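Asker: Here's my sequence, what's the structure:
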Amino acid sequence: MFDLSWGTLWLMLLCIVISIMYRGYVTPFFEKSDRKRVDSIFFAAIAVRVIWYLIYFAFIVDSYPFMITDDYNYYFRAVVASASPSLGRNSYQIFLNYLYLFFGASSFNGRLVNFFASVLCVYPIAYIDRAINYQSGKFTATKMYCCFPFMITICSFEIKDILSMFFFTTSCMILMALQREKKNRIISFVFFCIMSELVRSGMGLLVLGVYGCTIFHQKLGGTSAHKGKKTFAYVCVITLILVMVVVLMSTEYYSDTMSLLGQYTAGRDKSISSGSLFDFLTIHNINEIWKVPLDLLFYIMLPNSSEHVGRFMLDFGVYFRWFDVPVTILGVYWMIRKCKKFGLYSLCVIVPYVYLACFQIITFREVIFIVPLIYIFAVNYLCPEDDQGSHTLTMVKLGSRKVNYRAAILIAMYCVWFAFVLLRV
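Answerer: Numbering: from 1, shown residues only. Okay, here's the model as predicted:
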């Protein structure tokens, strides 16, 4: 299952070459003064993940070879799919089929790809971190991603969420670069959006849609445009969207999508016992939309899902997420409260998070790909600007009432999370 072969060696060399090419592509995004600091975080991310891989494969892998049901299914389907590698339930399964065909049917190969994707995420996260928390320049959120146990552990499993995180954060990075630097990166932007869409449906289209809205706003003349002109243009856009929705609803794609959604919700409801907490939080119809705030909080606190098959996440995940949960709660709160301040690109995080929290209530894993971006918003909350306009980490400078209040909120979140752990474990 974890056999190492010459194919694994060739795959490692290929991943190293791609990593070097990717680093060469993203380096110009950063100022010269920041490049060495981001590189140091990148190599630190490699070091801590190598240490985790050694620990995992030496002591844990026999007891927990899989994280959840999905990676278990991915592996065994890929092993038997060598005759027809193009057949698969999703694009990641097809990717894994071809990976096993060319480099050997070893689960280590898929995990190796996730290892490199995980460490390369440092660069887009650092760029977005620098753009939002620009006055700090300390890359605090990027260091969180590098060192938080949960983000380290999940890259050692064959799940598509790591690749989704890589392509999604990269497309968001290029989106921000297009807004801030006005450089021509359209081809690479479209490429990463397409890859993000292939791995996680809707996420590439979302980023493209946000970019389209940004271009549209600029063509209107920005905030200085005449009010009547803006109103007329927005009415035209809304009308166009409604027409597209009507056309889409008349196609086979819509009926197939609704059929799949119906199958999913039926399976989800079957795995939730009536009268349970999951059943209470599940939104069954539009009248239960009031549950959304509860879902947003509860979704973060889940270790992973309601599966009861002794998977890794149910036994260990709750502990590995000790650092994540309170910080993520604060990040979601601050992101939603300050979405106007963070611009249209905050929708790239808010929209998928709210959707997944409401419709995937039993599976936190679905939102892993945007958690690093939520760290960035949490840092913006925890590091308020001082009188000189620079950010200071809350837990270091406990001087003002505002800082004390935010530190108290963070401590309270840890207390709530600890109580939740005791109740579940």
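
Asker: After the helix or strand Leu178 falls within, heading C-terminal, what element do we hit next?
Answerer: Assigned by DSSP states H and E, Leu178 belongs to helix 161-181. Downstream of helix 161-181, the first helix or strand assigned by DSSP H and E is helix 186-199.

Asker: now the stretch 201-350 of the chain, which segments are flagged as low pLDDT?
Answerer: Across the stretch 201-350 of the chain, the ranges flagged by pLDDT under 70 are 217-234, 236-238, 240-242, 244-279, 281, 284-286, 301-319, 344-345.

Asker: what residues are up against Pro65?
Answerer: 1, 107 (CB atoms under 8 Å, 6 or more residues apart in numbering). No exception for glycine: its C-beta is placed from N, CA and C like everyone else's.

Asker: how close does it get to Arg49?
Answerer: Pro65 sits at a distance of 18 Å from Arg49 (criterion: CB to CB, to the nearest Å).

Asker: quick one: Ser156 and Tyr123, what's the gap?
Answerer: 21 Å.

Asker: got it, and Arg200?
Answerer: 20 Å.

Asker: Check the burial of Cys383 by counting its neighbours.
Answerer: Counted by other CB atoms under 10 Å, the residues lying close to Cys383 total 24.

Asker: Does it touch Ile132 like I think?
Answerer: No. Applying CB atoms under 8 Å, one finds Cys383 not in contact with Ile132, separated by 10.8 Å.

Asker: what mean pLDDT does the particular helix or strand that has Lys36 in it have?
Answerer: Applying DSSP H and E as the criterion places Lys36 in helix 32-55. Mean pLDDT, helix 32-55: 93.

Asker: and it, what other elements does it pack with?
Answerer: Judged by 3 or more CB pairs under 8 Å, 6 or more residues apart in numbering; DSSP states H and E, helix 32-55 is in contact with helix 107-120, helix 122-132, helix 140-147, helix 149-153.

Asker: cutoff 6 Å now
Answerer: In this structure, helix 32-55 packs against helix 122-132, helix 140-147, helix 149-153, with contacts taken as 3 or more CB pairs under 6 Å, 6 or more residues apart in numbering; DSSP states H and E.

Asker: what residues does the first one touch?
Answerer: Okay, so that is helix 122-132. Contacts to helix 122-132, defined as CB atoms under 6 Å, 6 or more residues apart in numbering, come from residues 26, 29, 38, 41-42, 45, 139, 141-142, 145, 169-170, 173, 176, 372, 376, 380.

Asker: So what's the model's average confidence on the helix or strand where Gln93 lies?
Answerer: When elements are defined using DSSP H and E, Gln93 is found to belong to helix 91-103. Mean pLDDT, helix 91-103: 88.

Asker: Report the angle between it and helix 107-120.
Answerer: With axes from the mean of the first three to the mean of the last three CA atoms, to 10 degrees applied, the angle from helix 91-103 to helix 107-120 works out at 120 degrees.

Asker: how much does helix 91-103 deviate in direction from helix 186-199?
Answerer: 100 degrees.

Asker: Going forward, the N-terminal residue is numbered 32.
Answerer: Yes, from this point I'll number from 32; that puts the last item at helix 122-134.

Asker: Packing partners of helix 122-134?
Answerer: Here helix 122-134 touches helix 100-111, helix 138-151, going by 3+ CB pairs under 6 Å, 6+ apart.

Asker: and the first one, C-alpha only, in CSV?
Answerer: Once non-C-alpha atoms are left out, helix 100-111 reads as follows in CSV (Å, rounded to 0.1, in the frame of the first residue of the first chain):
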residue,chain,number,x,y,z
THR,A,100,-14.1,7.3,4.1
ASP,A,101,-13.2,9.4,1.0
ASP,A,102,-9.4,8.7,0.9
TYR,A,103,-10.1,5.1,1.6
ASN,A,104,-12.4,4.9,-1.5
TYR,A,105,-10.0,7.0,-3.6
TYR,A,106,-7.1,4.6,-3.0
PHE,A,107,-8.9,1.3,-3.7
ARG,A,108,-10.7,2.7,-6.7
ALA,A,109,-7.4,4.0,-8.2
VAL,A,110,-5.8,0.6,-7.6
VAL,A,111,-8.4,-1.2,-9.7
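
Asker: now the angle between helix 122-134 and it, please.
Answerer: 40 degrees.

Asker: what does helix 100-111 contact?
Answerer: 97, 127-128, 131, 136, 138, 188-190.

Asker: Next, count neighbours for the residue nearest to Thr58 when sequence neighbours are not counted.
Answerer: Counting by CB to CB, 6 or more residues apart in numbering, the nearest residue to Thr58 once its immediate chain neighbours are dropped is Arg66, at 6.1 Å. Neighbourhood size, Arg66 [other CB under 10 Å]: 16.

Asker: how far away is Arg66 from Leu143?
Answerer: For Arg66 relative to Leu143 (CB to CB), the value is 26 Å.

Asker: what's the answer for Tyr123, then?
Answerer: 15 Å.

Asker: again with Cys152
Answerer: Counting by CB to CB, the gap from Cys152 to Leu143 is 15 Å.

Asker: So for the two, which residue has more residues nearby?
Answerer: Each of Cys152 and Leu143 has its neighbours counted (other CB under 10 Å); Cys152 has more, 27 against 23.

Asker: Surely Ser195 and Phe400 touch.
Answerer: Yes. Using CB atoms under 6 Å, Ser195 is in contact with Phe400, at 4.1 Å.
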